[in-house]
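Student: A predicted structure for the sequence below; I have some questions about it.
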Protein chains: 2
Amino acid sequence: MLKKVLLGSLGAVLVLTAGILLGHFGIQRGSTTPDWVMDVTQDVDEALIQKFIAEVDNIAIQENLRELTKVPHMATSPGDEKTVQYMLKRWQDPDTGLDQAWREEYKVYLSFPDPNTPNKVTVVSPSDAVLYTAREKEKAYSSDQEDPEVVQPYAAYAPAGHPKGRLVYANQGKPSDYFLLNQTLDLTGTIAITRYGGEGRAGKAINAAPYGVIGVLVYTDPWDINDGKMSDNNETYPYSWYMPPSGVERGSFNTHYGDMLTPYLAAKDDTYRIPEKNITGIPPIPTQPIGFEDAYALICELGGEPAPSEWQGAFNCTYNFGGPGFKPTSNFNNSDVKLDIYNREELKNSANVMGVIRGSVEPDRYVIYGNHRDSWVHGAIDPSSGTSVMLEVTRVLGRMVKQGKWRPRRSIIFGSWGAEEFGLIGSTEYTEEYYSKLSERSVAYINVDIAVFAITIWCLFVFLQVKTPGSDSTSVYDNWIRYFNRTSPAYGVIPNVGFLTGAGSDYAAFIHFLGITSMDISYTYDRTKTRARIYPAYHTAYDTFDYASKFIDPGFTSHQTVARTAGNVLMRLADSLLLPFNCSDYAETLEGYLNKAMELYTDGLAAHMIAIEPLQNAVRNFRSAATRLDQLVRDSDLANETPLKVRRINDQLMLLDRAFLDPGAFPDRYGFRHVIWASSKAGQATFPGLADAYTRARSTGLDSDWKEAHRQLSILIQAIQGAAHTLGDAI
Amino acid sequence: MLKKVLLGSLGAVLVLTAGILLGHFGIQRGSTTPDWVMDVTQDVDEALIQKFIAEVDNIAIQENLRELTKVPHMATSPGDEKTVQYMLKRWQDPDTGLDQAWREEYKVYLSFPDPNTPNKVTVVSPSDAVLYTAREKEKAYSSDQEDPEVVQPYAAYAPAGHPKGRLVYANQGKPSDYFLLNQTLDLTGTIAITRYGGEGRAGKAINAAPYGVIGVLVYTDPWDINDGKMSDNNETYPYSWYMPPSGVERGSFNTHYGDMLTPYLAAKDDTYRIPEKNITGIPPIPTQPIGFEDAYALICELGGEPAPSEWQGAFNCTYNFGGPGFKPTSNFNNSDVKLDIYNREELKNSANVMGVIRGSVEPDRYVIYGNHRDSWVHGAIDPSSGTSVMLEVTRVLGRMVKQGKWRPRRSIIFGSWGAEEFGLIGSTEYTEEYYSKLSERSVAYINVDIAVFAITIWCLFVFLQVKTPGSDSTSVYDNWIRYFNRTSPAYGVIPNVGFLTGAGSDYAAFIHFLGITSMDISYTYDRTKTRARIYPAYHTAYDTFDYASKFIDPGFTSHQTVARTAGNVLMRLADSLLLPFNCSDYAETLEGYLNKAMELYTDGLAAHMIAIEPLQNAVRNFRSAATRLDQLVRDSDLANETPLKVRRINDQLMLLDRAFLDPGAFPDRYGFRHVIWASSKAGQATFPGLADAYTRARSTGLDSDWKEAHRQLSILIQAIQGAAHTLGDAI
C-alpha cells in the first residue's frame, strides 16, 4: 500500500540543524572523575558516519533484492514465511547481525480470493450467453510471473457476490462523479467501472452504493500511469517500465488502517474482536480490479451521452456514461456485466520480524527504522527495494557493532512489518501492543518502503555528504534543492519536505496514533516528465527483480544512495548529543498553516461569532517558546554541562509531536490523533480538523456543523498552546 | 466536595521503600571533575527534613485558618477573591514565599440560588394554603453564621422549577430504592424525599425521573451523621461536633467532574462550549436539600405502608413509603409538597493560584501539591484545614529556599484550586490546559483537602519520624498500623492504604485523567466509634473556625502532624535520587485484583468462551518485570553510576501509572482513563471495567454485554502487559 509519496514531518529539521552538531567539546578527564562522564557527553563521531557511507554496497543491495523476490510473498503465504526466515538469518548473523532479533505474531483479519474458484468478470447477453470474459490472470512475460503463487488480481475486503447489471462509467468514483452521473441516469442496479486515482480504493464502492450501484470495476487508465502507452509489442513492459495491457493494480479496499477486528487492541489470539458487520470503511458491494485491456473492451462499447472532457482517458474512443449499458451498435447491446466475486475473509497469523541494537548511554531512547516485508506478488519495488536497503544498513551497522567499533548512544529498533498491504497491519498492531513504551521513549520513526521509485533521478532527502548516484560531486542535498524546493522565511531556498498527512505506509501509526516524529525516505522521479501516478508495475505481477534491475535502478546505485542517506539519518538520530530536531522549523510550518487559515476562514468564522485570534496567539506563543529553546541551546555548552540538561532539552524535542495528539479530535477515524498532520479532504495547506469542519459547515450551513468547526478550533488552540508549554522553560 | 475519604494509590510505596533511600554514597570529587557531578548524584538530606519537621508550627496553622475563614468564600464570591489575594501575598512574600506565584483564570459554568428569591419548600393544602414552610437558612449560633454571604442551602445544577405533588420516602434514592417503591406505588407526579448516602447526589434525582417523580428533597438523617443525636439544647453543635437540626449539606449535584460545558478543553473565554441541553449527569428535575428538622416534620407524617427496616433512620417514628402523601390523621392530609427552585447557571471567572519552587538538578520533573481554596460557606475544615496546612508547608519550605539553605532536586508546583465544590473544576481545567507538560513531567500529585477530619486520633499516613499529636514516641506509622492495617504477602502486617478510585477531591484529574501517581492525605477518625458518614458540619454553615478549633483539632496539633507528614512526603519526592516508588507493591495490588477476578468471573466468562488466562499471564509478566527492576535497583550503585541510569529508572517509575491509561476504556465517563483505579459500581476489590461489564452482562445476559465484558478484559490485559513492558529492560 502506498497512497501518497510523502516525507518526514520533521525531515527538514534534520538537514537544517546538522551544522550545529558538527563541533563539540570534550571533557578533560581527571583521575577522580567518574568513568561515565565521558560517555554521557559523547556526540556523533563523523568518522564512523564516513565509514558507514563508504561500506554501503550497491551490489549487496542487489543481491538482497534477488533473494527477497525469488517467490511471491503475499502476507502469511509460504513465500512470506521464507522472507521471515531470511530476515531472521540475516539479523541473527554472528558477524553482521544485530544484538538480538526475533519474530512477533498477530492473528489478523485478511481477505483473499479463492484460488479454486477465481473471481470472474463477464459480459452476458439477455439469454445468459457469455459474450466476453475478462482475464483472470495477468499475461506472463517471464517465468516468475507464471508462479502459481501469484495471487489473482482482486479487491481485498470487497464482499463476495454475483451482481449483474448495466455498465456505467463513473470516472474516478468520487462523490462528485456519482453525483454528476446520477443527474442523467438512474444508477439503480448498475455496475460502475471506475479508474484508479482521485479517491481511495474503498471510496469508489462506498460512494457508489447509496445510488443503487450493485458492483464496481476499477482499472488503471493508460493516461494516468503509462503516459498514454498501451501496446506490449514495443511500448510497455518488457520494453519499458510501463504497465502491460493486462496489468492490474491489486490493493486493500479499506478506509481505516490496522487490523479491522481489533481497533486499538493488538490482535492476539484471545483479543476481543468486533463483529464483522460492524466493520466500516470497506466496499459494501462486490468490487474487482481489471487491466486496461479489458477496460478498453468495455468502456469503448458504452452507450449514452459522452462523459465530460475531464473524464476522458487514453483510449482511442469517446468515454460515454453508459446508456446505462452498451450502445445499440455494440455486440454487447442489451447485455449486462456480471461480477462473480468469491473473496473470503480469514484470520491468519502474520509475523513482524524485530531486531535491536542496544544503546550504550541512553538505552531507553529508541530510534525506530521500519519497512513492511509483505508484497502483493514479488514486490521487488514495493516493498523489497526498501527491505534490501534496510538489510544493507543493518549489515554495515551490525558489523561495526560486532567488531566493537561502534555502539549507538540510543537504542535502535528495526521492524520488518507484516501484512502492510492489507492495511498497515503489522506496524499498527505493534504500536498498539507497545503503546506506552514507544510513546515514552521513541525519538523518531524512519520508514523506507519503496526505496527507489524510478531511474529518473531526483531525491527526496538528505545530507551534503551523501552524493547522488553516478556523481562524485553533486550531493543529494543539491539535487533535492534543484528539483523540489521551497522558500522559507528563515532560510531562503531550501529542499521542500512533504508532510506525512496520510496513511500511505507504515509510518501512519507512528506519527498519527503515537505522535512519534516520523520520516519517509525514497528516491523518486521528476513528475514534470511523466504523468504516472506511481511507478507503473505497482501492485502488479510485473514488480519483479527483472523490472527493478532493468527499469528502476540498474546497478542499484540509487538504492545505495537511499541506504547511505537512511543510515546517515539513523546514526545521527541515535548518536547526536542533542537531537537533530529544530522546533523553530515546526513554528514556521504552523505559521504557514495559520496564514492560510486566516486567509480562508477568518470572515466565515467571524460571521458565526467564532474568533480566530486565539489561534494566532497560540501560534505566536509556540514561536516564542521555540525561539527561547533555540536560544537556550545556543547559550549552552551542552557537552560540558550536566547530562540532565541535554536530556531535558532532548525530551522537549522528542515529545513535541506527542503534544499535538488529541484522542477526541477525530473520534470516527481510527488512529488519527495528531491535530497538525492528520489527513484532510479540504485540500488546503492548513490545519486539517479545522479545514474539514469549516468546509463542511460552509456547505451545509447547519448550526451543529458550525459548532463542530468551533470545537475543532478549540482543540487545535489547546494543542498548540500545550505544545508551546512543553517547549517553554522547564518550570 | 468529598465523596469518599481515600488514599494515594501508591501511598504504601512511599512508606515501604523509605528504607532503601536512607543511605547513599558520595562521590570523591577531583580537581578536573565537572562541577555538576556532585549535584546530579545528591540524595535526600535527612537533616533538612528534620529541620522542616521541627519548624512546622501548630499555631501558625491555626492563624492561617483564622485568616482563611474570616468570611464565606464560595467559588467566585468576593470572599473567594480575598483568599486569592491572601494566597498570593503569602506565596509572594520575600522572606517565606515561593520562587514565583500567580493566578490563572477559567470561565466556568456554575449554579447558584437566587439571593433575592430564595428556594422554598412548603406543604400546601388542596386549597393552596401553606401549611408548613421549611427553613430557608440554617439557624445561627454565632455571628459568622449570620453573614449575608452564607449561601442558602441548595442543590447546585438542579434545574429551576415549581413541582408540586404527593410526598414519598425513597430511602437513599438508589435505583433499587425507587424500584422497590414503584412495586406498590405509582410514583408519577410525586416528590421524593431521600437521605444522603448510598448514592451520588445527582443520582437521587436521575434515578427518580424515569418513574415520573417530579421533584426530590434530600436531607441528612441523624442516624447517618449524628449517631442519632438530634437536639441542639445539649447534644449537637454548639455543644459537640454533631450537626444541628437545621444544618444542611450543600453540594454539587453532578456525576462528571470538570467544567460541564468544556469537556477535555480548558474553559478559556473563547473555548467552544457544548449546548447546555447536552449536559449529562445532573438532576433532570428540581431538587433541594433540607435540614433533618424539616425532614422530620415531613417524614413522620407520611402515610402508606411502613418502609423496610433498612430504610428506617433515627427519627422517633416509623418511616412510611407515603400513600403517596401524608397519612389521613396528619394535619397535612391530602396536601402536597411544593418546591420552588430558582437556581440559575452562570459563567464566572474562577481563579487557581499557582506557585513554584524551581528544581535545581531536574527542573523538568514536577512534584505537585494541591488543594482547593473555595468552600460552600466558611469551609474551616473543607477545604481550609488543608489550605492552612499547605500555607505552613510553603512557609517553612519557602524560608529554607529564600535563605539559600535548600533547593529541591525536582521542581515543586503548588496549586490552590478554584471551584472544586462545583465539580473539581479548577484542578481539572488546569490539567486540560497543561495536559502534555504535566503528563510528560509529573512525578506525583499530593492532595491535602480536608486535612483533619476529627479529634479522634488515628492517621492515614506516613513516616516513622513524624510523631502523632500529643506523643513524643508513637509515630504516625505506628498509629496507622494500629488502627488500619492489612496483611501483605510480602511484608506481613502493614498500614492499609486506600485506593483513589473515585473523584472525591482534586486528585481526580491527576490520577484518572493524566495517570499521575497521586496521594490524598488526611487525619481522620476511628470509624468503629461513630457512624458519622463524614464530619457532621460538612458543607454546612457550621464549618467555621470555632467548630474546627473547638471540636476538630484544639491546639492544631493534628494539623501540624499532617503538615509534617505532607511536607516530608513532598521533600522526599522532590529530593530523592531514586523516586520512592515501589513497583512490586503495584504488582501485589494487581495480584489481589486478579485473585478476586478469578474467583468471581472465571466460570461465567468461560461459559461465554472468554478466557481469563491471558489476564493471569499479564499480571505474571508485570510481577516479573517489577522484580527485575527491583533487582536492578539493588544491584546498582546509583550515586556512582551515570545520572542517566537513575533518570531512566525514575522515568520507569514515574510513568508507570501513565501506562494504565486508555482513553477508549470508558468513553462515556469524563476523565476516567485509568483502567486500574477507575471507580466501579460492582463493589468488588478488582479491576473496575471488567467488574462493571461482567456484572452487567450477568444481569442482562445480552450478547452485546458479554462482548463488552470481553472488550474490557482485552483492554485490561493490554494495559497490564503494556505497563509490564515499560518496567522491563530498557530495550
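Tutor: Great, that's in hand. Numbers count the residues shown, from 1 in each chain, chains lettered A, B, ... in the order given.

Student: what sits against the residue of the stretch 451-600 of chain A found nearest chain B?
Tutor: Proximity of the stretch 451-600 of chain A to chain B (C-beta to the nearest C-beta) peaks at residue A:515, 9.6 Å away. The way it works is simple: take the backbone N, C-alpha and C, and place the C-beta from them, glycine included. By C-beta atoms under 8 Å, 6 or more residues apart in numbering or on different chains, residue A:515 lies in contact with A:439, A:657, A:658, A:659, A:660, A:661, A:673, A:674.

Student: helix/strand/coil for it?
Tutor: With DSSP: H, G, I helix; E, B strand; the rest coil as the basis, residue A:515 sits in coil.

Student: what's the separation between it and residue A:645?
Tutor: 24 Å (C-beta to C-beta, to the nearest Å).

Student: could you do residue A:499 as well?
Tutor: Here residue A:499 is placed at a distance of 31 Å from residue A:645 (C-beta to C-beta).

Student: cool, residue A:407 as well?
Tutor: Applying C-beta to C-beta to residue A:407 and residue A:645 gives a distance of 23 Å.

Student: ok, those two, which is more surrounded?
Tutor: The neighbour count for residue A:407 versus residue A:645, taken as other C-beta atoms under 10 Å in any protein chain shown, is higher for residue A:645 (20 against 17).

Student: that one should be in a helix, yeah?
Tutor: Yes - assessed with three-state DSSP, residue A:645 lies in a helix.

Student: go ahead and confirm it touches residue A:638.
Tutor: Yes - with contact defined as C-beta atoms under 8 Å, residue A:645 and residue A:638 form a contacting pair (6.6 Å).

Student: which residue packs closest to residue A:266, ignoring adjacent ones?
Tutor: residue A:433 (3.7 Å; C-beta to C-beta, 6 or more residues apart in numbering or on different chains).

Student: what's the answer for residue A:621, then?
Tutor: residue A:724 (4.3 Å).

Student: could you say which helix or strand holds the one you found?
Tutor: Residue A:724 belongs to helix A:703-727 when assigned by DSSP states H and E.

Student: quick one: contacts for the residue in the stretch 501-650 of chain A positioned nearest to chain B?
Tutor: For the stretch 501-650 of chain A, the residue closest to chain B is residue A:642, as judged by C-beta to the nearest C-beta, at 3.7 Å. Going by C-beta under 8 Å, 6+ apart, residue A:642 touches B:34, B:36, B:39, B:40, B:361, B:643.

Student: pick out whichever of those residues sits closest to chain A.
Tutor: Among the contacts of residue A:642, and counting by C-beta to the nearest C-beta, the member closest to chain A is residue B:36, at 3.7 Å.

Student: point out the residues in the stretch 201-350 of chain A that sit beside chain B.
Tutor: A:262, A:264, A:265, A:266, A:268, A:270, A:271, A:272, A:275 (C-beta under 8 Å from any C-beta of the partner chain).

Student: just put those residues in a markdown table and tack on pLDDT.
Tutor: Compiled in a markdown table, those are given as follows (pLDDT from 0 to 100):
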| residue | pLDDT |
| --- | --- |
| A:262 | 98 |
| A:264 | 98 |
| A:265 | 98 |
| A:266 | 98 |
| A:268 | 98 |
| A:270 | 97 |
| A:271 | 98 |
| A:272 | 98 |
| A:275 | 98 |
